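*Asks:* Here's my sequence, what's the structure:
(one chain, ligands or ions: 2)
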Amino acid sequence: MQRVRACALLLAVLTAAAPAAAQPAQKIIFDTDFAFPPQDDAMALFFVLGSPELEVLGITTVAGNRSLNIANADVLKILEVTGRTTIPVYQGAAAPLMHQGSEWDTKRHGGWYANEPSREPPGGFAKTKTLESQGAVDYLVKTVMQQPGQVTILALGPLTNIAMAMRMEPRFAASVKQLVIMGGAIASLVDGGGNHTPNAEFNFYVDPEAAQVVLRSGIPIVLSPLNVSRKARFTKASYDKIVAADTPVTRLIRDNLGPGYKDRPDRIALMYDQVAAVTLVAPQLIKTVELYVDVDANPGPNYGVSVGAPQPWPGGEGARKMQVQTDLEWDKFIQLYIERVTRPQPAGK
Ligand code: BDR
Ligand code: CA
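*Replies:* Ligands and ions are numbered 1, 2, ... in the order given. Next up, the predicted model:
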């Protein structure tokens, strides 16, 4: 009996002393309406590239902030400059499922309706890095179906590619581990107005039909809406800390954000896509509530508007339960963000 106790004690001591087993990196697909910094998609990618907890299986592009051509050219160039050329890039949808841009859209933010050819990214087009021949939707389906329950999608643009993947493969939704989405605005919570139309957030507004299909899919979703983006305000103080380091990433930030701060040192940029990216590494820094959320895809004043509530409501039968971010621990959040974007990139990864 005594010997059994001694063995149990020894085992307890050894277990306590052993270093915690390293967690395997989370497999992610980075789905993005990419554009060069200061665009938030690029600023989110820098965080992801500096985070060893994440393994980027691939990047899929979609039209949104700019045309698909610009998204492709810019992301290829950034991967080349940062030395991360082994990450494959797959081109996705050049236009939303149904939504056609109006005159309003051409006057507001975003080039998704335009299909414009790419202009040269700063520093010229990527010299050797090219797009994969497979398209983004095929890639999403194949990758997720090969590893069911293992792949998280970080969706930072209109949800067109994800909705198309669901259409192509009916088992796709049930096979995705998790979706972290930057999109929507919840008017029933603080800071829930829209940023493109009075109540619609840009990503959901660009492709409301896709947003509705994806939110109703049953995939476990963390939604990062404008309510939380409005709590994440990037200022020159953070910029100065980043550019105090000298790496390919910080040089890109300096060259592309620096001129803006020279003109207006008090400018504030909301960290939309960065909040969603940080969620993958440090979810404990971001406050969430569980809500039923749906998207209005009826053309009219609420086209692309997301609606959320703690309980289903009459007419909201399509709403699904998801984690909705509302606030964050700013000091810890920005410290982590800065630490990751100033890290030297692992060579050739
Ligand atoms: C979202 O819309 C896009 O313009 C940004 O990149 C972000 O994903 C903010 O509404
Ligand atoms: Ca985006």
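*Asks:* my guess is Pro96 meets Trp112, correct?
*Replies:* Yes. The criterion here is Cβ atoms under 8 Å, and Pro96 meets it with Trp112 at 6.8 Å. Every C-beta, even on glycine, is put in place using the N, C-alpha and C of the backbone.
*Asks:* got the residues of the stretch 201-349 of the chain near ligand 1?
*Replies:* Glu201, Phe202, Asn203, Tyr272, Asp273 (Cβ under 6 Å from any ligand atom).
*Asks:* Among these, which are located in helices?
*Replies:* Here DSSP state H is the test, and those give Phe202, Asn203, Tyr272, Asp273 as lying in helices.
*Asks:* ok so, going back, please enumerate the shared neighbours of Pro96 and Trp112.
*Replies:* Applying Cβ atoms under 8 Å, 6 or more residues apart in numbering, one finds that Pro96 and Trp112 are jointly contacted by Ala63, Pro158, Val206.
*Asks:* Skipping its backbone neighbours, what lies nearest the last one in space?
*Replies:* Spelled out, that is Val206. Pro158 (4.1 Å; Cβ to Cβ, 6 or more residues apart in numbering).
*Asks:* ok, the closest residue to ligand 2 within the stretch 151-300 of the chain - how many residues close by?
*Replies:* Using Cβ to the ion, Leu156 is the residue of the stretch 151-300 of the chain that sits closest to ligand 2, at 4.1 Å. Neighbour count of Leu156, defined by other Cβ atoms under 10 Å: 28.
*Asks:* Begin at 704, not 1, for the rest of this chat.
*Replies:* Happy to do that; since the first residue is 704 now, the last one works out to Leu859.
*Asks:* Could you measure from it over to ligand 1?
*Replies:* For Leu859, the distance to ligand 1 equals 5 Å [Cβ to the nearest ligand atom, to the nearest Å].
*Asks:* What pLDDT does the model give that residue?
*Replies:* Reading off the confidence values, Leu859 has pLDDT 99.
*Asks:* what does Gly804 give?
*Replies:* pLDDT recorded at Gly804 is 89.
*Asks:* isn't it right up against Gly814?
*Replies:* No. Under the criterion of Cβ under 8 Å, Gly804 makes no contact with Gly814, lying 9.1 Å away.
*Asks:* More neighbours: those two, which one.
*Replies:* Summary of the neighbour comparison: Gly804 and Gly814, criterion other Cβ under 10 Å, with Gly814 having more neighbours (21 against 17).
*Asks:* so what's the closest residue to the more buried one other than its chain neighbours up against?
*Replies:* If the residues on either side of it in the chain are set aside, Gly814 comes closest to Arg769, at 4.2 Å by Cβ to Cβ, 6+ apart. Taking Cβ under 8 Å, 6+ apart as the criterion, Arg769 is in contact with Asp736, Ala738, Asp777, Gly813, Gly814, Trp815, Glu819.
*Asks:* what's around Asp969, how many residues?
*Replies:* Asp969: 7 surrounding residues under other Cβ under 10 Å.
*Asks:* residues in contact with the closest residue to ligand 1 within the stretch 804-953 of the chain?
*Replies:* Ranking the residues of the stretch 804-953 of the chain by distance to ligand 1 (Cβ to the nearest ligand atom) places Phe905 first, at 3.7 Å. Counting by Cβ under 8 Å, 6+ apart, Phe905 makes contact with Gly767, His812, Gly813, Asn898, His899.
*Asks:* how much space is there between it and His899?
*Replies:* 4 Å (Cβ to Cβ, to the nearest Å).
*Asks:* Overlap in contacts, those two.
*Replies:* Taking Cβ under 8 Å, 6+ apart as the criterion, Phe905 and His899 both touch His812, Gly813.
*Asks:* circling back to that earlier point, select only the buried ones of the contacts of Arg769 in PyMOL?
*Replies:* Only the buried entries of the contacts of Arg769 go into this PyMOL selection, using 16 or more other Cβ atoms under 10 Å:
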select buried, resi 736+738+777+813+814+815
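*Asks:* check the contacts of Arg769 against ligand 1, which are close?
*Replies:* Restricting the contacts of Arg769 to those touching ligand 1 (Cβ under 6 Å from any ligand atom) yields Asp736.
*Asks:* Now narrow the contacts of Arg769 to whatever sits close to ligand 2.
*Replies:* By Cβ under 5 Å from the ion, the members of the contacts of Arg769 lying near ligand 2 are Asp736.
*Asks:* out of the contacts of Arg769, which are inside helices?
*Replies:* The subset of those located in helices under the criterion DSSP H comprises Asp777.
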